Each structure stands twice: as C-alpha cells, then as structure tokens.
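*Asks:* the following comprises the amino acid sequence and a computationally predicted model.
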Amino acid sequence: MIEKNIIGLERSALGSKYIQGFDPAAMQTLPGAFPVATEVEVHLAMQKAWSAWKSYRHLSGQKKGAFLRAIAEEIENLGPELIHRAMAESGLPEGRLLGERGRTCGQLRLFASVVEEGSWVEAVIDTAQPDRTPAPKPDIRKMLDAVGPVVVFTASNFPLAFSTAGGDTASALAAGCPVIVKAHESHPGTHALVAEAIQKAAQNTGMPDGVFSSLYGSGFWLGETLVKHPLTRAVAFTGSHQGGKALFDLAIQREEPIPVFAEMGSINPIFLLPEKIRLHTETLASQIAGSVNLGAGQFCTNPGLLVCIDKDYTPGFVEALKAGFAAQTLQTMLNPGIHRNFSAGKDQMLQKPGIQIEFADAGAETALTASPTIASVSGTEFLKNPDMQQEIFGPFSLLVRCSDRRELEQVAESLNGQLTATIMGLPEELPEYASLAQTLREKSGRLVFNGVPTGVEVCPAMHHGGPYPATTDSRFTSVGTGAIKRFVRPVAFQDCPEILLPNALQDKNPLGIWRMRDGVWTR
C-alpha cells in the first residue's frame, strides 16, 4: 500500500523516497509506504495554504465550527482501524489510545464552540469624541486576526492528541489559519488515517482548497524547508529541547522572523514537605511512582525531580518509593531513538558525582522496554551540578535530599523554567512554605498542590507552557482554549467606515458577542 501526501484537496507522490512505520513492541516494520515530500510539493502546499487563508479567515464562526466538528466525526468514523494502527506504531495500550482519541475529538469540538460563540476575538471599541479638548479623540476599534499559514510538528508521545488533528492543528484552524502538518516518522500510518479524515471533512464542509495539507519527511530537510518558507507565518512544535531550539533559531534567522511556539519538555519538580512525608509515606510513594512511570515516563509533565528535607523518616519514604518502582510493569518505549536516548541519558546521570542508585533493574530491559529507575543526591551536590537538571525522557526520577528548609528553597531558586512544579504538603504546613510557592510560581507555568503533574486538563483555565527552556514563549499555552491566541495578532481600525469593519466590530454587533465598548463589557 502506497500512501500519498495530502496537499489541500489533492493527493501527491512525486518523490522516489519512502518511509515506513515500525512496531516497537514486535520490533518489525509495518505495511505501507509513505512518500517523502519534494520541494515542489512543499511549495504547492504553502501556496495553497496562503490562498486559502485569504478566504478561510473571513468565514463565519459557524462555518469554522462545522469544519472542526466534521473532523471529529470523521476521526470517530475510522473506528478500530485507527486505534489498532496507533497501537502498532507506538506500543501504547488500547485503553490509553481510546482515551487519547476522545481527547482529540473533544478538543476539536471545544474549539468549535469557542469560534461559534465568537467572543474569543477580544473586540474592543473606543468611540470617537470629536469635541474632546485639547484634541479630538478618533474612533478606534481592535480585534484579533489570523496570522496566516501555520506549520505543525507532531509529537512522538501522543500519536493522536498532540499530532495530526491535535491541539495545535485544532487551535490554528479555529483561529482562521490554514495548517500544514509534518507527519511524525514514528507513526506515519496513524497520520495517514487522520489526515484523510481532515481532508474529507474539508471537502464535505466546503472549505477552501489548501486549508489543510500534510507532508511526510525523513531527517531534517522537510522541517527546515517548512520553517524557512516565506509563506509560513507561525510554527507549533512539541518535542525535545534540541528540536524546538533548532526550529526557533531557523525562524529568527529568516529575512522575516516568525514565532515558534515550541513546548520542549521539563523535569517538573515535586517538592515534598516534611509532615506530608511523615504521615502519608506509603500513599505518597505509590502516587509518585505511578506518575513517574505512567506511559513508560514518556510525558512532558513526567516528574523527573523530587525534592525533600532529609529527616529521620526519609529513609522509610525512600524504601516505600523503591517498592513502588519495583512494582511497576515494564512498558515498551515509543521508538528506538527514544529508548536509546533514555538509556544514554540515564547512564550519564548515574555517573555524576554524588549520585546514589536507589532502584534500577538493568537486567530487566529487553528490546525497547525500559526499567523504572530512581536515584538520589544531596542538595549540596545538586546545587553544584546544574547538569542534574537535564530531562531524562522515560521512567526516571532523581530525589534531592536537602539538609534543611533553606537548602530546599535554594534548590527551587536554582531551577530552570518548568512546565509544572508541585508542592505536596499538609494543609497546616503549606502556609509556612509561601516563599517556596512564590519561587515555583516564577519558575513554572502550572503550580500543582497535592497532586501529580501528569494529566493535563483541556479547559479554558489550563496553561500548558512555562519559562524557557520549557517553552520558547511562556505567555502562551498549547493546551486549552487559550492556545488559539498563538496564531492571531491584534489589528486596530481607526475611523473606519462601518461597511469596511469586520462584523465583530460593527456598531450593531451582528455576531452578538461580548465586547468592551468604552470601557464596559457589553453585548
């Protein structure tokens, strides 16, 4: 079976090179050949996207919403075929992927609701005051407007929810931006099914040719070409720091720099307060072990760092933590590259000065499975070695044992930017650590109390982002309805005739949306 690149409403396979899917559990190549895009196909996809943007951004919220809902419906119509292919290409279990499909379709429908309601454009109207002295005030109106074609790089660890029709694609389409997706090499067959579903939804809802394209690639050429293409207006990426930073550097080196919204991972520290450890040793250890090892530790919110004050009951907690890690079932990692990087990164970490291995069953690893591992180090050694903040993408966590509260807070202050930070403490001891909470608020995009960071709710209040190096722009989220703001820019209209104003800014408010008019929110 030979698939094709999707370029708007067409399909194309001009090149002579192909990639194939790989089953990490069975260690075998999967059926299907997927053509590597050529320069001609890239340029055609970008030209179509640019032309589509001219009309797509002006479509009503109802029409964009219908398109997003149609995508969700077409994905659901794929049935078991999609789940089975995603299982084969990722090694992930059926239950996980069923949940991920539900999240993917839920995101699409959530953004459909957002654009159908319409207030997301943040319309602001300041009416004229011609008699104002010493100078008249003009009529000024402002709203958010789509930036243009968006290139989406899909994630290896979420073959559905952060992939072809994931949150980046959904939010960009909702904003009024055509999308060009670079298929992930780890799950080309899964991508093909979803891309075809999006193309079908575009056809059935009368979307302009070029509103969606998807291209296969091998190596760095395709990604570099897409980012550097003069018609690309923004980039969304979920993956490693190395990959995200490379795309960011390419984007700012362009003749016309463009934004890259890269979510690049994090060690997501959990700070364990003394009384919480003392009174909830077993429960706490089990909760943390489950979070660290969830999905073989292949989550961007995986807690790779635990920080506590070394007390007389700390050894008991460490023993409970080791038991929790020992109880974990070995899981297959997503692909050979991730497994290789996990093993190398873990080995390098365990060789650093002062590191003590608490649990590591190295003999249990076979093929692409990864054994859960936990190590510990003193707060003093951690503070001396910034390299210990390196993310180990997989089932690994480092416990930092601090001599006192002052050192624990020094560890917090030393941290790089994080997607999340967590404080585990009893209600009565949390107020004593207000300064710790303040520090972690400055370091992270989401501050969690008495929970684990794995699991990111898709809702308007969610912020999935954080200071560099967690992301390239901490002002924006890649999860939740706020993700739409990555792909828009404000446009102001001064003394514009009513007939030329967008509907969102017209006096009669034909869309019936919430707007700020002369400082007052009104419909």
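*Replies:* Yep, that arrived.
*Asks:* pLDDT weak spots in the stretch 251-400 of the chain?
*Replies:* For the stretch 251-400 of the chain, the stretches with pLDDT under 70 are 362-366.
*Asks:* what are the ranges of the strands in it?
*Replies:* Using DSSP state E, counting those that start in this stretch, the strands of the stretch 251-400 of the chain run over residues 260-263, 270-272, 305-309, 331-332, 356-360, 369-370, 373-378, 396-402.
*Asks:* and those: which comes nearest Ala165?
*Replies:* For the strands of the stretch 251-400 of the chain, the distance to Ala165 is smallest for strand 260-263, at 17.3 Å, taking C-beta to C-beta. Every C-beta, even on glycine, is put in place using the N, C-alpha and C of the backbone.
*Asks:* residues making contact with that closest one?
*Replies:* Strand 260-263 is contacted by residues 168, 227, 234-239, 243-245, 247-248, 251, 300, 419, 464-465, 470-473, 476, 478, 486 when judged by C-beta atoms under 8 Å, 6 or more residues apart in numbering.
*Asks:* neighbours of Pro136, how many?
*Replies:* 10 (other C-beta atoms under 10 Å).
*Asks:* the one 10 residues further on too?
*Replies:* Other residues within reach of Ala146, judged by other C-beta under 10 Å, total 23.
*Asks:* before we move on, what about Met462?
*Replies:* 18.
*Asks:* which residues does it contact?
*Replies:* With C-beta under 8 Å, 6+ apart, Met462 has these contacts: Arg446, Val456, Thr477, Val479, Gly480, Gly482.
*Asks:* wait, the last one sits on Pro460?
*Replies:* Yes: because the distance of 6.9 Å satisfies C-beta atoms under 8 Å, Gly482 is recorded as touching Pro460.
*Asks:* what score does the residue nearest to Ala26 when sequence neighbours are not counted have for pLDDT?
*Replies:* Spatial nearest neighbour of Ala26, excluding adjacent residues (C-beta to C-beta, 6 or more residues apart in numbering): Ala88 at 7.8 Å. On the pLDDT scale, Ala88 is placed at 97.
*Asks:* and Ala88, how close does it get to Ala161?
*Replies:* 18 Å (C-beta to C-beta, to the nearest Å).
*Asks:* and these two? Which one has more around it.
*Replies:* Under the criterion of other C-beta under 10 Å, the comparison of Ala88 against Ala161 puts Ala161 first, with 24 against 21.
*Asks:* how about the more buried one, what does it touch?
*Replies:* Here Ala161 is in contact with Glu100, Arg103, Thr104, Gln107, Gly167 (C-beta under 8 Å, 6+ apart).
*Asks:* next: Thr154.
*Replies:* Thr154 neighbours (C-beta under 8 Å, 6+ apart): Phe162, Ser163, Thr164, Gly166, Val181, Lys182, Ala183, His184, His191, Thr238.
*Asks:* what number of residues lie near the second one?
*Replies:* Neighbouring residues of Ser163 were enumerated by other C-beta under 10 Å; the total is 30.
*Asks:* ok, now Gly79?
*Replies:* Quick note: Gly79 (other C-beta under 10 Å) scores 9 neighbours.
*Asks:* going forward, count from 813.
*Replies:* In the new count, where the first residue is 813, that last one comes out as Gly891.
*Asks:* for it, give me the pLDDT.
*Replies:* 98.
*Asks:* so how far is the top helix by length along the chain from its chain's centroid?
*Replies:* Counting residues, the longest helix found in the chain (DSSP state H) is helix 906-929. Centroid displacement of helix 906-929 relative to its chain, using C-alpha atoms, centre = their mean, to the nearest Å, is 14 Å.
*Asks:* go on, stretch 1058-1076?
*Replies:* With C-alpha atoms, centre = their mean, you get 17 Å for stretch 1058-1076.
*Asks:* can I get it as CSV, trimmed to CA atoms?
*Replies:* Coordinates of each C-alpha in stretch 1058-1076 appear next as CSV, following Å, rounded to 0.1, in the frame of the first residue of the first chain:
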residue,chain,number,x,y,z
ALA,A,1058,16.7,24.4,16.3
LEU,A,1059,13.4,25.4,14.7
PHE,A,1060,13.4,28.6,16.8
ASP,A,1061,16.8,29.5,15.6
LEU,A,1062,15.8,28.9,12.0
ALA,A,1063,12.7,31.1,12.4
ILE,A,1064,14.6,34.1,13.8
GLN,A,1065,17.3,33.8,11.1
ARG,A,1066,14.7,34.3,8.3
GLU,A,1067,14.5,37.6,6.4
GLU,A,1068,11.1,38.0,8.1
PRO,A,1069,11.3,36.3,11.5
ILE,A,1070,8.2,34.3,12.6
PRO,A,1071,7.1,33.0,16.0
VAL,A,1072,7.8,29.4,17.0
PHE,A,1073,5.7,28.1,19.8
ALA,A,1074,7.8,25.1,21.0
GLU,A,1075,6.9,23.0,24.0
MET,A,1076,10.2,21.4,24.8
